[in-house]
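> Curious how this folds, go ahead:
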Amino acid sequence: MMTRKIRLRPDEVKGFVDEACKCDFDIDISYNSYVLDAKSIVGVLGLDFKQVLTVTCYGYDAAFDEYLNRFAVAC
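Now for the predicted structure:
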C-alpha cells in the first residue's frame, strides 16, 4: 500500500482518473472522513479541491507513481 498527498484542480480530474483506470488495483482518494474510488470521475469531481487530498494505492505501478509526482504536496 502506498499513500501520497496531492493537490488537484478541476481541469486535471479527467487525466487523473484516466491514469488511475490504467492500474489493475484499487485506488482511493480521500480528505477528512471522505473516501472515494479514484477511478470514478463523478466521485473525484465532487471533491473539495481546496483540500490536500490523500491518494492510497493498493498496489504499485511505476507509471502512475511518476504521474502522481506532478501533483505532490510537500508535507
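> in the longest helix seen in the chain, what's buried?
The helix of greatest length in the chain, counted in residues with DSSP state H as the criterion, is given as helix 13-21. Along helix 13-21, these residues count as buried under the neighbour rule (16 or more other CB atoms under 10 Å): Val13, Phe16, Val17, Glu19, Ala20. Placement of C-beta: from N, CA and C, glycine included.
> so where is the protein shaky, pLDDT-wise?
For the chain, applying pLDDT under 70 flags the ranges 75.
> At which residues are the helices of this protein located?
Using DSSP H, helices in the chain cover 13-21, 41-45, 62-68.
> I'd assumed Ile29 was in contact with Cys57.
No - because the distance of 10.1 Å does not satisfy CB atoms under 8 Å, Cys57 is recorded as not touching Ile29.
> Comparing the two, which residue is more hemmed in?
Neighbours were counted for Cys57 and for Ile29 using other CB atoms under 10 Å; Ile29 has more, 23 against 20.
> which residues does the more buried one bridge with?
Leu36, Val55 (DSSP bridges).
> Isn't Tyr31 up against Thr56?
No - with contacts defined as CB under 8 Å, Tyr31 does not count as touching Thr56, sitting 11.7 Å away.
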